[in-house]
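Asks: Fold the stuff below for me.
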Amino acid sequence: MIHADIILKADHVLKMDSNLTTIARGAVAVKDGRIAAVGPEDYVCQKYSSGSVIGGAGRVLFPGLVNSHTHAAMVYFRGLGDDLPLKVWLEEHIWPAEEKWLSVEFVSDAAELACIEMLKAGITLYNDMYFHGDAIAAATKRLGMRAVVCAGILDFPSKTASTPEEYLRNAESFIRGWQEDELIRPGIAPHSPYACGPDTLRKAKQLSEKYNAPLHIHLSETEWEFTEILKRHGKTPVLFLDELGFLDQSVVAAHCVRVTSEEIETLGRRRVSVAHCIESNMKLASGIAPVVEMLSAGVKVTFGTDGAASNNDLNILSEMSTAAKVHKAFSGDPTVLDAKTVVLMATRWGAEALGLGELTGSIEEGKAADIVIADLTKPHLTPIYDVYSHMVYAMRPSDIETVVVNGRILVQDGKLTAADETEIVAKASAWGKKIMLQQ
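Replies: Next comes the predicted model:
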């Protein structure tokens, strides 16, 4: 028999491959960080043996969830300035708080907290937009998680840079430093069409092309943004970016709440992926993105939490459930965003949107072992008729039992194995007290 580092078993194995294959009483053998075999339990266990066998009856196994848009370090601003419109929340509360507190230490500590929250909720890959990218990447790597970390770009000064040119130089240095890493993919994140002018956006695009790095941008989040870009440039936000040559498959556009039919067609034609952040958009009263229309136009829609300062958690399971129900209500059609499609959006499509579809996002031989097992024996998950339905409409982060990233067990029996959770939470509490005292 062939030795495997780990064998994972479950009553339901959701491969999330091109056929959306589900295996009853299945198993996955993991060796050297990769999926060596996947299939019925008898088949896998006849070929592979391991001293570490995890899961079994009453479990579901699926690819790690993908958070396609967040600002991880903003967990330290969770609950700061709630119940406000986006523009007021951002300009009068969040940006001033960042100006006061943003530092390498702050970002490093906060990113650790965000990572453990995401890991314990079954998220194995996230797409970040923030500052001090080296600190975020290093913290993520310490915990063994996978991430696309994108260096934030603005046209105005902050604690991290004084000019657009300095932001861009910092971004290039960051990309060069991490482009060969196994877990971290570096990218570039011009904040938005209203915070970055045409010249900055063009240069960000050129930098992306130079290094084959992903682009991550807020786009058409609010009615104000839509009107403002139209007033400044004579075009709506999506068409403005398209005219600049900014849009292609390297772009993950967060939100896309206020988009016209022409813009949706453009997003589909340019193969732009959209990070749907429904709970943040609802909380800030930004509106509801027309996801059903986007999907019909061939736009790859994924799920993001946004930052915990505007959500207020990093829970993709919740985003999945909320999105599925809200879009049924808005469309008047209970068949839209069916459970299988929603799970696909949260797994393989998320990985593909981040340019990592060849590596992760589905349970297939040769791919990285980024795998989650959840316990289906809980009262709220019993009885079970359709496992996809349960994942979308009933599952909670507390049901996540095992999380494996790149073949390494990071969560086992619901507990973090990759770091000292108590220490990370204590640091977060200490930061919170300092921030509260100086508000």
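
Asks: So which residue is dead centre in the protein?
Replies: Per Cα atoms, centre = their mean, the C-alpha nearest to the average position across the chain is that of residue 67, at 1.5 Å.

Asks: what about the closest residue to that one other than its chain neighbours, distance to residue 304?
Replies: Ranked by Cβ to Cβ, 6 or more residues apart in numbering and with sequence neighbours excluded, the top spatial neighbour of residue 67 is residue 126, at 4.0 Å. C-betas here are computed from N, CA, C, even on glycine. The gap separating residue 126 from residue 304 is 9 Å, by Cβ to Cβ, to the nearest Å.

Asks: can you check residue 351 too?
Replies: When Cβ to Cβ is applied, the distance between residue 351 and residue 304 equals 14 Å.

Asks: burial of residue 161, as a residue count?
Replies: Residue 161 has 20 neighbours, counted by other Cβ atoms under 10 Å.

Asks: Please enumerate residues in contact with the helix or strand bottoming out on mean pLDDT in the chain?
Replies: The element with the least model confidence among the helices and strands of the chain, by mean pLDDT, DSSP states H and E, is helix 86-89, at a mean of 86. Counting by Cβ atoms under 8 Å, 6 or more residues apart in numbering, the neighbours of helix 86-89 from elsewhere in the structure are 81, 221-222, 224, 284-286, 310.

Asks: List the buried residues of it.
Replies: Of the residues in helix 86-89, 86, 89 count as buried by neighbour count, 16 or more other Cβ atoms under 10 Å.

Asks: Check the offset of it from the chain's centre.
Replies: 23 Å (Cα atoms, centre = their mean, to the nearest Å).

Asks: which strands and helices sit next to whatever helix or strand comes next after that helix?
Replies: Stepping forward along the backbone from helix 86-89, the first helix or strand reached (DSSP states H and E) is helix 95-101. When contacts are defined as 3 or more Cβ pairs under 8 Å, 6 or more residues apart in numbering; DSSP states H and E, helix 95-101 sits against none of the other helices and strands.

Asks: Show me what helix 95-101 is in contact with.
Replies: Helix 95-101 has contacts (Cβ under 8 Å, 6+ apart) with 76-77, 80-81, 131, 158-159, 435, 438.

Asks: Ok, stretch 12-28 next?
Replies: The contact list for stretch 12-28 (Cβ under 8 Å, 6+ apart) reads 7-11, 35, 37-41, 43-45, 59-63, 340, 343-344, 347-348, 361-364, 369, 371, 376, 387-388.

Asks: So for it, what gets flagged as buried?
Replies: Judged by neighbour count using 16+ other Cβ under 10 Å, the buried positions of stretch 12-28 are 12-16, 21-23, 26-28.

Asks: Low-confidence stretches in the protein?
Replies: Low-confidence segments of the chain, defined by pLDDT under 70, are located at 439.

Asks: So if we follow the domain assignment, how does it break up?
Replies: In terms of domains, the chain is parsed into 2-63+370-406, 65-353 (source: automatic domain parsing).

Asks: looking at the ones you listed, which is buried most?
Replies: Highest mean neighbour count of the domains of the chain: domain 65-353, a mean of 21 (counted as mean count of other Cβ atoms under 10 Å).

Asks: end to end, how far does it reach?
Replies: For domain 65-353, the first and last residues are 13 Å from each other (Cα to Cα, to the nearest Å).

Asks: From the contact counts, what lies against the helix or strand where the residue nearest to the centre of the chain lies?
Replies: According to DSSP H and E, residue 67 maps onto strand 65-70. Using 3+ Cβ pairs under 8 Å, 6+ apart as the contact test, the elements touching strand 65-70 are strand 123-130, strand 251-255, strand 273-276, strand 300-303, helix 316-331, helix 348-353.

Asks: after the fifth one comes which helix or strand?
Replies: Think helix 316-331. Using DSSP H and E, the helix or strand that follows helix 316-331 towards the C-terminus is helix 339-346.

Asks: CA atoms only: put stretch 171-189 into CSV for me.
Replies: This file holds the C-alpha atoms of stretch 171-189, laid out as CSV (Å, rounded to 0.1, in the frame of the first residue of the first chain):
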residue,chain,number,x,y,z
ALA,A,171,3.2,47.6,-4.5
GLU,A,172,5.9,46.5,-6.9
SER,A,173,8.4,45.8,-4.1
PHE,A,174,5.8,43.7,-2.4
ILE,A,175,4.9,41.8,-5.5
ARG,A,176,8.6,41.0,-6.2
GLY,A,177,9.1,39.8,-2.7
TRP,A,178,6.2,37.3,-2.6
GLN,A,179,5.7,36.2,-6.2
GLU,A,180,7.4,32.8,-5.7
ASP,A,181,5.6,31.9,-2.4
GLU,A,182,3.6,28.7,-2.1
LEU,A,183,0.7,30.1,-0.1
ILE,A,184,0.7,33.8,-0.9
ARG,A,185,-0.1,35.3,-4.3
PRO,A,186,0.7,39.0,-4.4
GLY,A,187,-1.5,41.5,-6.3
ILE,A,188,-2.4,45.1,-6.6
ALA,A,189,-5.5,46.9,-5.4
